[in-house]
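Asker: Below is the sequence, then the predicted model.
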Amino acid sequence: MEPLIRMVGITKTFPGVKALDNISFDILPGEVHVLIGENGAGKSTLMKILSGVYQPTSGQIICNGHEYSALTTKTSAEEGIAVVYQELSVINELSILENLFVGKLPTTKRLGIPVVDYKTMMEKAKIVLEQVGLRHDPNTLVGELAIPDKQLCEIAKALVSGAKVIVLDEPTTSLTTSEVERLHGLIRELKAQGCGIVYISHKMKELHQIGDRITVLKDGGYVGTYSVNEVTLDDLIRLMVGREIKGTYFADESAEELQKRPVIFEAKGITRADGACRDISFQLHEGEILGFAGLVGAGRTEAMEAIFGAVPKKAGQVFLRGKELKITEPYAAIKQGLGMLTEDRRKLGFAKNFTCKQNISLEPYIKESTAGGLGGMLDEGKEQKWAAEQISALSVKCTGPDQMTVNLSGGNQQKVILGKWMAAGSEVLIFDEPTKGIDVGSKSEIYVLMRRLAKAGKGVLMISSEQTELLSVCDRIAVFHNGELKAVLEGKKATEEEIVKISTGE
Amino acid sequence: MSEKNNQKKFDFATYWQRFGTISILLLLLVVLAIAKPSSVFSANSIPQILRQSAVNILLALGEFFAILLGYIDLSISAACGLTGMVAALLMRAGSPWVLACILGVLCGTLIGAVNGFLINRTGLHPFIITLGMQTIYFGLMLVISNSSSVYGFPAGFSGFMNATVAGILPVGAIIALVAACILWFFTTKTKAGRNLYALGGNREAAWYSGINVHRHQMLVYMISGTCAGLAGIVLTGRLNAAAPTAGTGYETYAIAATIIGGTSFFGGVGKIPGVVAGGLIIGIINYGMTVLMIDASMQKVVMGALIIIAVTLDHFVSKSSRK
């Protein structure tokens, strides 16, 4: 059978990284081709090349007999490729009908003036909406639809534009079991009509229910393409994981010894008002680093935000050295000795209009302030001292305390952020993806710093989506799935396979 | 050769950030001195300019804090008019003028607190809230004044407000300068002041850093309201009357003064001395057009154009400095 689309030898490099290395991928009519791999394996990059968002550095894309060295978003759409992203791109303020035709509204002439042809739109819309099983009035605003219905709307939009290849990026993340079944029914129908479906999912169980072929990517490289019947789940997990671990940063003590030491920090039954995490409990012992593994959205960051007071919690208690903390907002958490290094450094980590000195002194100032953060004077001498101490202790590479933080490299920005919590003398630090977007050298520096903090009696919690990182730094690893803490593994003994199995709900 | 070029390369963005405001100020004075020398080189000119500028400076000081957060306060003009009217009515009712003035200013603080409360509670953009409140305050002013001007104040008040210290410093200008000094101290020496810059730079990051957004927003709008209250008293004193439409359009001047004074419309950047200079610039433009006999309506055209030029420059400068 002639493939609908063939991608041959696709390589994509970004400054400093090879995101994809010589990947080949094709889609046959009437098949569901599953694409799997860990975070950062290159799935999204490959799909962005298919949809024309990125242009490959080298390689070829062949569709309908046309050969391209790169697609643009326009040629991609013309060749019948449509991508339904996890973050849906429907426009809430428009009706279902208008969403289906957005950017290509049919027109008709009235008195010589072109006007939108709602009649034609409605006729076409009824057919595709029937097909995808979206039974709302086409004039309903999309904002009023539930997430699964928005997804159907997006698939209908792809069909209206005559898409032959539909990419579904983690389509079932926010769906219930019956909604997943409905979606799978639709996918089978589309298959029968000769569409090719690319299905990206972290839910390993689904792959055998819906997939025909499976392609595995790892670290931007091509591992292989397999027929669903010839591989087991265990095979797939083994193919996905297995990155090399370079160096370890564990505590000198054994896990048993660490368990006997006093508990520094404890969370009990943390449940968020929005249900993003439920009944999360864990203990952190002196000298250990506790890691948090799981898929994005599994509730790790969500639990930490609730602990830190950034997002309201419905239930749960937090203890520091046995004393319960009253936390209603980050200010209260900081006053009582917590600190959080957020995942999104640029957006949440530091004030971009501040110098290194000003950013570093922000937290010690807050810690010492009165009247809910409004009271207290600045002290130039202390500021200078805090900044100088942290810049030298963390060896921040900057021209001086007065350099703007925003002009530093990612690793050094992270050190400035760490510096402000150290200057504030925080007792427990939450690191959320501390090495995301940081070069390899700075990564190991950050691990060493974290271990030094743990040794000095500070509490260190680390969220990471890189299993190898967790397996080389954390003494214990708490694994999350779907808003709950499912298991706590011993860092030295755990394997990537175990973590993947638990975090994907196997 | 090329190295030399690099060193000497004129960096407009840096120049503008440092000296933009003061350059405009000097340029205006030069233009005025050429056009009509007597308007600059006479004993009366400086007090006249300062008197014209005092209200602008006070309102700009308040507006500065809202803009520092990346927000805006459109209600200051109405707050200024309303507080002036409250003080005027109190004086007419026989209240001692000092007490009437203090109550007038506190009325401004209260107005700011109401704005802050509504902004915090509704979570709506302050543009909407303060636009609505502006209309309400202007309406209230008409109601309490019965839509007519109030005048005939105690001699003590009129004498004090129109006095000039050392021959060049009108009392209104002294009030504005004292307020500016206090707020300059506040922004550069207190934690709350520093926190406002962090909030203006990045609200969400500030929240994660332990800065309570609501408390600081409340503080900002109370400062803004208090400045409007002071401006109201100074305005009533200068005109020796409180008109039921006093203050109309002043928020535009305040925004213009703040932006011309080097405050970034995107939040997080700005200094009090710049704002004072901005207020002076507005005062000089008004004064200059008056002495040059330019039609009063034309003044609005110039002011509008100035705002657009200032914001465009600001946009251009912050874009190039972000690179």
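Answerer: Thanks, I have it.
Asker: got the end-to-end distance for stretch A:391-400?
Answerer: Criterion CA to CA, to the nearest Å; first-to-last residue distance in stretch A:391-400 is 8 Å.
Asker: so which strand or helix has the residue most central in space within chain B?
Answerer: Nearest to the mean C-alpha position of chain B, by CA atoms, centre = their mean, lies residue B:60 at 1.3 Å. Taking DSSP states H and E as the criterion, the element that holds residue B:60 is helix B:45-68.
Asker: Show me what from the stretch 51-200 of chain B comes close to chain A.
Answerer: For the stretch 51-200 of chain B, the residues found near chain A under the criterion CB under 8 Å from any CB of the partner chain are B:188, B:189, B:190, B:191, B:192, B:193, B:194, B:195, B:197, B:198, B:200. Backbone N, C-alpha and C define where each C-beta goes, glycine included.
Asker: What sits closest to the residue nearest to the centre of chain B if chain neighbours are left out?
Answerer: Excluding the flanking residues, the one nearest residue B:60 by CB to CB, 6 or more residues apart in numbering or on different chains is residue B:257, at 3.7 Å.
Asker: which residues does the one you found contact?
Answerer: Residues near residue B:257 by CB atoms under 8 Å, 6 or more residues apart in numbering or on different chains: B:56, B:57, B:59, B:60, B:63, B:275, B:278, B:279, B:281, B:282.
Asker: Counting neighbours, what do you get for the closest residue to residue A:225 other than its chain neighbours?
Answerer: Counting by CB to CB, 6+ apart, residue A:215 is the residue found nearest to residue A:225 once chain neighbours are left out, at 4.5 Å. Each residue near residue A:215 was counted by other CB atoms under 10 Å in any protein chain shown, and the total is 22.
Asker: give the contact list for residue A:215.
Answerer: Contact analysis of residue A:215 by CB under 8 Å, 6+ apart lists A:25, A:33, A:34, A:35, A:36, A:222, A:223, A:224, A:225, A:226.
Asker: returning to that earlier point: contacting residues for the residue nearest to the centre of chain B?
Answerer: Counting by CB under 8 Å, 6+ apart, residue B:60 has contacts B:253, B:254, B:257, B:258, B:261, B:275, B:276, B:278, B:279, B:282.
Asker: before we move on, what about residue A:455?
Answerer: By CB under 8 Å, 6+ apart, the contact list for residue A:455 reads A:251, A:287.
Asker: mind checking pLDDT for the residue nearest to residue B:221 when sequence neighbours are not counted?
Answerer: Of all residues not flanking residue B:221 in the chain, residue B:116 sits nearest, at 3.6 Å (CB to CB, 6+ apart). Per-residue pLDDT puts residue B:116 at 97.
Asker: and if you look at residue B:7?
Answerer: If you check residue B:7, the pLDDT there is 45.
Asker: Then the one 3 residues further on?
Answerer: Note on residue B:10: pLDDT of 65.
Asker: same question, residue B:151
Answerer: pLDDT, read off for residue B:151, is 90.
Asker: How about the contacts made by it?
Answerer: Counted by CB under 8 Å, 6+ apart, residue B:151 has contacts B:88, B:240, B:241, B:242.
Asker: which residues pair with the last one across the strands?
Answerer: With DSSP bridges as the criterion, residue B:242 is bridged to residue B:150.
Asker: distance of residue A:434 from chain B?
Answerer: Note on residue A:434: its distance to chain B, by CB to the nearest CB, to the nearest Å, is 15 Å.
Asker: does that residue sit in a helix, a strand or a coil?
Answerer: At residue A:434 the chain is in coil, as set by DSSP: H, G, I helix; E, B strand; the rest coil.
Asker: Run through the residues that contact it.
Answerer: Contacts of residue A:434 (CB under 8 Å, 6+ apart): A:341, A:414, A:446, A:450, A:462, A:464.
Asker: Any of the residues you listed buried? List them.
Answerer: By neighbour count, with 16 or more other CB atoms under 10 Å in any protein chain shown, these hold A:341, A:414, A:446, A:450, A:462, A:464 as buried.
Asker: between the helix or strand harbouring residue B:183 and helix B:45-68, how big is the angle?
Answerer: According to DSSP H and E, residue B:183 maps onto helix B:171-189. Helix B:171-189 and helix B:45-68 are oriented at 40 degrees to each other (axes from the mean of the first three to the mean of the last three CA atoms, to 10 degrees).
Asker: And the next helix or strand past helix B:171-189?
Answerer: Where DSSP H and E defines the elements, the next helix or strand beyond helix B:171-189 is helix B:191-201.
Asker: which SS state does the residue of the stretch 351-500 of chain A found nearest chain B fall under?
Answerer: Closest to chain B within the stretch 351-500 of chain A is residue A:353: 3.7 Å, counting by CB to the nearest CB. For residue A:353, the assignment made with three-state DSSP gives coil.
Asker: how close does it get to residue B:50?
Answerer: Per CB to CB, to the nearest Å, residue A:353 is found 32 Å from residue B:50.
Asker: Residue A:188 too?
Answerer: 81 Å.
Asker: How about stretch A:299-313, which residues are buried there?
Answerer: In stretch A:299-313, counting by 16+ other CB under 10 Å, buried: A:299-311, A:313.
Asker: Restrict those residues to those that also contact chain B, please.
Answerer: A:308, A:310.
Asker: which ones among the buried residues of stretch A:299-313 are found in helices?
Answerer: Judged by DSSP state H, helices contain the following of these: A:300, A:301, A:302, A:303, A:304, A:305, A:306, A:307, A:308.
Asker: from those, which is closest to residue A:496?
Answerer: Nearest to residue A:496 out of these is residue A:300 (CB to CB; 17.1 Å).
Asker: Hmm, the closest one is touching residue A:292, no?
Answerer: Yes. Proximity of residue A:300 to residue A:292 meets the contact threshold set by CB atoms under 8 Å, at 4.3 Å.
Asker: what is in contact with those two at once?
Answerer: Here residue A:300 and residue A:292 have A:463, A:480 as joint contacts, going by CB under 8 Å, 6+ apart.
Asker: hmm, back to that, if any of the residues of the stretch 51-200 of chain B next to chain A are buried, put those into a ChimeraX selection.
Answerer: Of those, the buried ones can be selected in ChimeraX as follows, counting by 16+ other CB under 10 Å:
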select /B:190,191,192,193,194,195,197,198,200
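Asker: Tabulate the residues of the stretch 51-200 of chain B next to chain A in JSON lines, adding columns for pLDDT.
Answerer: What follows is these, written out as JSON lines (pLDDT from 0 to 100):
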{"residue": "B:188", "pLDDT": "95"}
{"residue": "B:189", "pLDDT": "95"}
{"residue": "B:190", "pLDDT": "96"}
{"residue": "B:191", "pLDDT": "95"}
{"residue": "B:192", "pLDDT": "95"}
{"residue": "B:193", "pLDDT": "96"}
{"residue": "B:194", "pLDDT": "95"}
{"residue": "B:195", "pLDDT": "96"}
{"residue": "B:197", "pLDDT": "96"}
{"residue": "B:198", "pLDDT": "95"}
{"residue": "B:200", "pLDDT": "94"}
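Asker: which of the residues of the stretch 51-200 of chain B next to chain A sit farthest apart?
Answerer: Between any two of those, the greatest separation by CB to CB is 17.6 Å, found for B:189 and B:200.
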